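Novice: Coordinates for the following, if possible.
(2 chains)
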Amino acid sequence: MKSHYVRKLAAVLPALVLVCAGAVLLSQKVNAAGGGSITGTVKLSGTAPHMKGIDMSKDPVCSKAHDTNPAKMENVLVGSGDGLENVVLYISQGLTGNEAPSSQEPTFAQKGCMYTPHVLALNVDQKFKVTTEDQTTHNIHPLPDPTAGNIGWNKSQPPAAPPIETSWKNQEVAIPVKCNIHPWMHGWFVVVKGPYATTDDKGSYTIQNVPAGSYTVTAWQEDLGTQTAKVTVAAGSAAKADFTFKGK
Amino acid sequence: MPTKLLKWSWLAASAALLLAATAQAQITSYDERDRLNTDSHIGKYTGHATNAKEDYRRYCVGCHGELGDGNGEVAQWLDPKPRDFTLGIFKCRSTPTGTLPTDEDLFNTIARGLDRSNMPVWNTFTKQQRADLVAWVKHFSPRFQKEKPGTPIEIPAEPEVTPERVKAGQDVFARVQCWKCHGVEGMANGPSASTLTDDLSRPILPYNFTDGSRPKCGSTDQDIYRIFMTGLDGTPMPSFSDNIKPEEAWDLVFYLRTLQPHNTFNLKERQIAKQLGLKPVNPNAPAQ
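Specialist: Numbering: from 1, shown residues only, chains lettered A, B, ... in the order given. All right, here's what the predicted structure looks like:
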């Protein structure tokens, strides 16, 4: 009878510990004052995948824009020192929910029948603009996962069309966007909660305004997948997290 | 005894984890009971999902599947593929792109069928049956539990067809570059026509105005107006409502009529086009 009781207790205890640990983690508040940052570089090891050239001859307006500088695919962009461009870094664990969302309103431009930037990182509900500089009609067609809670749409932007101003309601890494008229055009919206950064052409990044605390940082690359690192940010200082993706 | 203990604690731990996981999952899933209570309102008709169960199993399930995901038994032989109702994305809407259709939109689609697909005209159903089926179609997608349908776009009264309007319509056709896909003569042979794919990356054709077929989302003047102003979600056809003003939209409808073969509904437009000596737009003209 007694051993039965002990057994029951042993069964309930781990569950209790788990629930308590969860509750503590959730209720933990990170002091937002004296924000630090997370900085580092993202590199590619091995051979960089070959980026195919793009044949834009079906639309003379597009091909003319690349007369001197032939267009190439932009899935994996390697810059100086093997730095990987367009990698999005965001905090996947450790956020308190008190972080101030970005107040900027970035632009996702259609330029020379390519997307500039190729990858646009955003906060949930952060407004952004879709603009066109091309003398040809585009249709801008984001394709979020219908089960993730974001709703896709499909709007045309003829030459000189006014910008489309919009935002995404839910976190989603990542939403592909395409133009059906120019099938080579594709880009990404990376919608995250909390502070984020995108690597430049040297592969460097800095996530600003990170409150002191312990975090998991995730690096997302459209073809090479994701990597994570654990960092601890002290108030007012910069924590370091470098990543290396393997070339295929 | 220790092994038993270990087993018990593992069980409990996984139970706790499972509990946490289902609590998470509830954010995206939806209640079975709410789902079956889905109803629809079309004029004086109120449809109830559960009343359509038998009709669906008899008439729809072969293509759209038991789960409404478009994977019915015969779906593998069909092109275009049957609609996946679980996504809650519909071509024929009176509502802006990215919003849910109204009950009436779905009601009309069932009766109209979809030309050049395997979806027949289902006007053999009574209106009550159709209303019930609308509710049943809606019950497959969680979107209908969480969102309201979009507000239908406003369509101003149709003006009189005039030569000026047909000419202006052609200018709109050239400016927003409908010909990129539909071709300068509306023959579905524009430069981008051959590479078009739908949202699930399956090849898809633009509408050919010249082959005598009916547009998928209706053939009245109002239907045509609605098609390019709302876009056909799930397909490459975008919404042009940001770039075509309502009065210009009617001009475009009249011009599109001139591309269709000779018929009673477009006699006037075709006569005007003939009198004007309208030539197809020049795709190489610089953008206006």
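Novice: list the contacts for the residue most central in space within chain B?
Specialist: The C-alpha lying nearest the average C-alpha coordinate of chain B belongs to B:Lys91 (CA atoms, centre = their mean; 0.8 Å). The neighbours of B:Lys91, taking CB atoms under 8 Å, 6 or more residues apart in numbering or on different chains as the test, are B:Leu114, B:Lys216, B:Cys217, B:Leu232, B:Asp233, B:Gly234, B:Thr235. For glycine as for every other residue, the C-beta is placed from the backbone atoms N, C-alpha and C.
Novice: Which of those residues lies at the shortest distance from A:Asn69?
Specialist: Closest to A:Asn69 out of the contacts of B:Lys91 is B:Thr235 (33.2 Å), distances taken as CB to CB.
Novice: and the closest residue to A:Cys62 other than its chain neighbours, what pLDDT?
Specialist: Of all residues not flanking A:Cys62 in the chain, A:Cys113 sits nearest, at 3.6 Å (CB to CB, 6 or more residues apart in numbering or on different chains). Predicted confidence (pLDDT) for A:Cys113: 97.
Novice: residue boundaries of the helices in chain A?
Specialist: Along chain A, the segments classed as helices by DSSP state H run A:2-27, A:60-65.
Novice: Least reliable of these by average pLDDT, please.
Specialist: Averaged per stretch, pLDDT over these is lowest on helix A:2-27, reaching a mean of 50.
Novice: hang on, the earlier thing: what helix or strand is the residue nearest to the centre of chain B located in?
Specialist: When elements are assigned from DSSP states H and E, B:Lys91 belongs to no helix and no strand.
Novice: any idea how far B:Ala174 is from it?
Specialist: 26 Å (CB to CB, to the nearest Å).
Novice: Can you pull out the low-pLDDT segments for the chain?
Specialist: With no chain named, the answer covers chain A. A:1-34, A:248 (pLDDT under 70).
Novice: ah, I was thinking of chain B
Specialist: Using pLDDT under 70, chain B drops low at B:1-31, B:287-288.
Novice: what ranges do the helices span in it?
Specialist: Under DSSP H, chain B gives helices at B:2-25, B:32-36, B:53-55, B:61-64, B:103-112, B:127-139, B:143-146, B:163-175, B:179-182, B:221-230, B:246-259, B:267-276.
Novice: Now do the buried residues in the second one.
Specialist: Burial within helix B:32-36, assessed by neighbour count using 16 or more other CB atoms under 10 Å in any protein chain shown, is assigned to B:Arg35.
Novice: Any part of that helix near chain A?
Specialist: No - using CB under 8 Å from any CB of the partner chain, helix B:32-36 stays clear of chain A, with a minimum separation of 15.2 Å.
Novice: can you list contacts of that helix?
Specialist: So helix B:32-36 is contacted by B:Ala49, B:Thr50, B:His139, B:Gln145 (CB under 8 Å, 6+ apart).
Novice: most surrounded residue in these?
Specialist: B:His139 (27 neighbours; other CB atoms under 10 Å in any protein chain shown).
Novice: give the contact list for that residue.
Specialist: B:His139 touches B:Arg35, B:Leu36, B:Thr38, B:Ala49, counting by CB under 8 Å, 6+ apart.
Novice: closest point of the stretch 51-200 of chain B to chain A, which residue?
Specialist: Of all residues in the stretch 51-200 of chain B, the one sitting closest to chain A is B:Gly98 (3.2 Å; CB to the nearest CB).
Novice: quick one: contacts for that residue?
Specialist: B:Gly98 neighbours (CB under 8 Å, 6+ apart): A:Ile151, A:Gly152, A:Trp153, A:Asn154, B:Gly150, B:Asp233.
Novice: If we use 7 Å, what do you get?
Specialist: For B:Gly98, the contact set (CB atoms under 7 Å, 6 or more residues apart in numbering or on different chains) comprises A:Ile151, A:Gly152, A:Trp153, B:Asp233.
Novice: Columns neighbour count and distance to B:Asp105 on top of those, output as a markdown table?
Specialist: Output for these, formatted as a markdown table (neighbours: other CB atoms under 10 Å in any protein chain shown; distance: CB to CB, whole Å):
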| residue | neighbour count | distance to B:Asp105 |
| --- | --- | --- |
| A:Ile151 | 20 | 16 |
| A:Gly152 | 20 | 18 |
| A:Trp153 | 20 | 17 |
| B:Asp233 | 28 | 11 |
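Novice: Is it possible to get a markdown table of those that adds distance to B:Asn284?
Specialist: What follows is those, written out as a markdown table (distance: CB to CB, whole Å):
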| residue | distance to B:Asn284 |
| --- | --- |
| A:Ile151 | 37 |
| A:Gly152 | 33 |
| A:Trp153 | 31 |
| B:Asp233 | 32 |
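Novice: Only alpha carbons, please: show stretch B:236-255 as CSV.
Specialist: Coordinates of each C-alpha in stretch B:236-255 appear next as CSV, following Å, rounded to 0.1, in the frame of the first residue of the first chain:
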residue,chain,number,x,y,z
PRO,B,236,-1.6,34.4,-60.6
MET,B,237,-4.5,36.8,-61.3
PRO,B,238,-3.9,39.8,-59.0
SER,B,239,-6.2,42.5,-57.8
PHE,B,240,-6.1,45.7,-59.8
SER,B,241,-8.2,47.7,-57.4
ASP,B,242,-5.3,50.0,-56.3
ASN,B,243,-4.5,51.0,-59.9
ILE,B,244,-7.8,51.0,-61.8
LYS,B,245,-10.5,53.6,-60.7
PRO,B,246,-14.1,52.4,-60.7
GLU,B,247,-15.1,54.5,-63.8
GLU,B,248,-12.0,53.2,-65.6
ALA,B,249,-12.9,49.7,-64.6
TRP,B,250,-16.1,49.9,-66.7
ASP,B,251,-14.1,51.1,-69.7
LEU,B,252,-11.9,48.0,-69.3
VAL,B,253,-14.9,45.7,-69.2
PHE,B,254,-16.2,47.2,-72.5
TYR,B,255,-12.8,46.8,-74.1
